[in-house]
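[1] give me a model of this one.
(chains A and B)
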Amino acid sequence: MTKLPHKILEEAQKAGIEPNDKNRSGTYFHLNQTTVQTAVNQIFEGKIELMDIKDALKKYSWLNDYMWKIVDKNKDEYTKRVAEDYSGGYFIRILPGAEVAFPLQSCLMITQKNLEQRVHNIIIAEENSNAHIITSCLQHSTVKSASHLGISEIYVRKSAMLNFTMIHQWSEHTLVRPRTASEIADNATFISNYVCMRPVRDIQMYPVAYCQGENSRASFNSILYGHKNSQLDIGTKAVLTGKGSKAEMISRAIAREGSKMIIRGMIEGDSSDCKGHLECRGLLMDDKSFLQSIPELIAKKKGVEITHEAAVGKISEKEITYLMTRKLSRDQAVSLIIRGFMDVSILGLPDTLNAEIKKIVEASTENT
Amino acid sequence: MDILEVKNLTVKVEGKSILKDVTFNLKSGENHILFGPNGSGKTTLISAIMGLPTYEVNSGTILFNGTDITAKTVEERAKLGMAVSFQNPPEITGVKLVDLLKLCLGKKTEDPFSAEEQRLIEVFRLTDFLNRDLNVGFSGGERKRSEILQLIFLKPKLLLLDEPDSGVDVESLKLIATEIQRYVESSGSSALVITHKGDILEYIKAKYGCILLDGQFHCFTHPTRIYEDIKKMGYEECVACRIRTVGGWKTDKRE
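    Presented below is the predicted three-dimensional model:
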C-alpha cells in the first residue's frame, strides 16, 4: 500500500487505515473503479480469505448463489445501477473456527470527480468463526462531487460471531447509498457498527438483519455526527424469524450546523419467543438543524417482546453546570458531554480497536 | 479570618423567594452543620453560594476569602476553591468516572493517577467504577462516594456538602464522613454540611450548627444539642423556644 500517492495515504490514515499492515489481519483497497490491493497478513493466512469479488466469483462458482440473495436487485434505482454494472468489491471469508482478533481493513476510496463508484461486497463468516472487521469508506478531499453505491451481503453461519464496523468519511459533496443485508444462522451473532463523523452531502441507508437461525442475535450500534449541512437518513432493521432470536439497536446522533438527520429503527417480531430493544438518543445543537427519530415495532406472533426508548433534545443544563462545579468551563463541559455521548464503547470492540475509533471520534469533535 | 461571608442574601427560585435577607459567616478551618426540614432552603443556600443557575440572587453579597464573588460564574468560584457535592448528581452517559476524577485533579485523561490518588480510589471502593458512565446504575452510596472523592480531588478551601449521608449505608457513611474530616483537618479547609441525621456528627467535627426554617437561621449552637432537641421536639418547636436564637449569625454573638 505504501506505493500509493502520499496524499491518498494521508486521507486513508484519517479514516483509521494503517499503511503499515502489521497490526491488521488483511487489507482491501479499492480506488475509484479499480481494486488496488488485496492482501492477507501472513499470520492470518489459513484463517481468512480476502479477494476482489470478481476474482472470487471466478474461483468459486457457488458464490453466485450469494449474489443478490438477500438484497433485492430491483429494490431501487441504486441497486438496479449496481446490478447493471459494478467495478468490484471485496469478498471476505472468515474460515470455519477461525478467530481473528485484529480487524481487516478495507478502504473504498474515490479521487475522481463526478465518479459513481459501484461496488458489491460479500462477507461470509463460516461456522464457529469469530471476527472483527473494520471497513472505512473515504473520499479524497480534492474531489468536489461523487457518489458511492455499495451493495453488501453478509452471511453469518452457525455459531459464528461477526463484529462489523463501518466508518464512513465522505466529503461534503458525496451522495452515498449503501444497501446492506445480513442473514444470521443458528446461535450466530452479528454486530453491525456504523460510525459517521465527517460531513456528507447526502446519505441514505437502511440495512436489514434477517435473524433466521434459532437463538440468532443481531445488534446495530450507530454513532452519527451530522454537521455542515449533512443530510443523513439512517435506519436499521431486524426481522426476527428464528426461535429465541434477539435484536438490539443503539443510536446516538448529534445534529448541528444545518444538518438534517432522520434516525429510523424497525424491529419485526415474527416468532413467538423473540425479543428486541431499540434505543435512540439525539442531541440537537442549534435551531438550524433538524433531528427526527422514528422507531417502529412490529409484533406478528403472540409473546413477542419488543421495546424502545427514544429521546431527542438539547444538552442538559444540569449536566453542564455539574461539570462546571468541577472547574470546567462551559465549552469544556459541552465538549466532554458530546464526546461522552458519542461513546465508542457501545460498539463492543476489543480495547485496542476501541482506542483507535475513539481517536477518530475525538478528532472530529475536537473543536466543538 | 472568614472563609465565607454571606450578607443580607435574598434568593429566588423560579420567582419564589426561598431565602430572605440571611446573613452569616464561616470561619476558616471550621465546619458548620446546617439542619432544617425538607424544603426549608438548605439546598438553595448551598446552590446560591456555589452560583448555580436557576438560583437567582436578588440582593445581598457573598464573600469568599474576602473577595466579592456574587457576580462570578460557577467555574470561577470552583477555580477559587469552592466545591459542592450534590444531593442528586446527574447521570452523564459516556462520561467515565475515571476521566472526571482526572479532570478534578487538573490532569489530562492520559495522565496516570499517583500512588496516593490510587490509594484513595481504593479507600472509596470505586476501583470497579472507574470505567463506568458517571452515576449510571450507581447505588445511593456509590454516588455519594464518587461525589466526595471528586471533591477531595478538587482540593477546595470550602466544601459545600448537600446531605452527604442520605441514602447511604452505615459503612459508607463512616467512610465518607471520616474522609471528609481527614481532608478538612489536613488541608485547613472548611465544610458547610447539610444533614437530617445525627450519625455524621460522630465523624465530622463541628463546634456550631443551626437550623434553617422559613428562609431564616435559628438556634445557633453545638450541632449535637440541636440534633437532640429536634429529635425531642421537632423543628417548629425547637425554633420556637428561641432560647438559643441569636437573630443573625455573627461570630461575636456566639454563646
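[2] residue numbers of chain B in contact with chain A?
    B:50, B:52-53, B:73-75, B:78-79, B:83-84, B:86, B:89-90, B:92-96, B:99-100, B:103-104, B:106, B:133, B:150, B:154 (Cβ under 8 Å from any Cβ of the partner chain). C-beta: built from backbone N, CA, C; applies to glycine.
[3] buried subset of these?
    By neighbour count, with 16 or more other Cβ atoms under 10 Å in any protein chain shown, the residues of chain B next to chain A hold B:50, B:52, B:74-75, B:78, B:83-84, B:86, B:89-90, B:92-96, B:99-100, B:103-104, B:133, B:150, B:154 as buried.
[4] identify those among the residues of chain B next to chain A that sit within helices.
    Among those, the members found in helices (DSSP state H) are B:50, B:74-75, B:78-79, B:99-100, B:103-104, B:150, B:154.
[5] next, give me the two most distant ones among these.
    B:50 and B:99 (22.1 Å; Cβ to Cβ).
[6] tell me the domain boundaries of chain A?
    Domain assignment for chain A by automatic domain parsing gives A:1-199, A:206-314, A:316-368.
[7] wait, which of the ones you listed is closest to residue B:11?
    Residue B:11 lies closest to domain A:316-368 among the domains of chain A, at 16.0 Å (Cβ to Cβ).
[8] residue contacts, residue A:273?
    The neighbourhood of residue A:273, defined by Cβ atoms under 8 Å, 6 or more residues apart in numbering or on different chains, consists of A:243-244, A:303.
[9] tell me the secondary structure for residue B:176?
    helix (DSSP: H, G, I helix; E, B strand; the rest coil).
[10] now residue A:176: closest residue in space that isn't a chain neighbour?
    With sequence-adjacent residues excluded and distances taken as Cβ to Cβ, 6 or more residues apart in numbering or on different chains, residue A:176 is closest to residue A:203, at 4.1 Å.
[11] okay, the one you found and residue A:281: tell me how far apart.
    20 Å (Cβ to Cβ, to the nearest Å).
[12] that older thread, by neighbours, which of the contacts of residue A:273 wins?
    Greatest neighbour count in the contacts of residue A:273, by other Cβ atoms under 10 Å in any protein chain shown, goes to residue A:244: 18 neighbours.
[13] ok, that residue touching residue A:272?
    No: at 9.7 Å, residue A:244 does not count as touching residue A:272 under the criterion of Cβ atoms under 8 Å.
[14] for the ones in helices among the residues of chain B next to chain A, give me a markdown table that also has pLDDT.
    A markdown table is the format used below for those (pLDDT from 0 to 100):
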| residue | pLDDT |
| --- | --- |
| B:50 | 97 |
| B:74 | 97 |
| B:75 | 96 |
| B:78 | 97 |
| B:79 | 96 |
| B:99 | 95 |
| B:100 | 97 |
| B:103 | 96 |
| B:104 | 97 |
| B:150 | 98 |
| B:154 | 98 |
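[15] of all the residues you listed, which comes closest to residue B:226?
    Closest approach between these and residue B:226, by Cβ to Cβ: residue B:50, at 24.0 Å.
[16] for the closest one, give me its contacts.
    With Cβ under 8 Å, 6+ apart, residue B:50 has these contacts: A:325, B:74, B:77, B:82, B:84, B:160.
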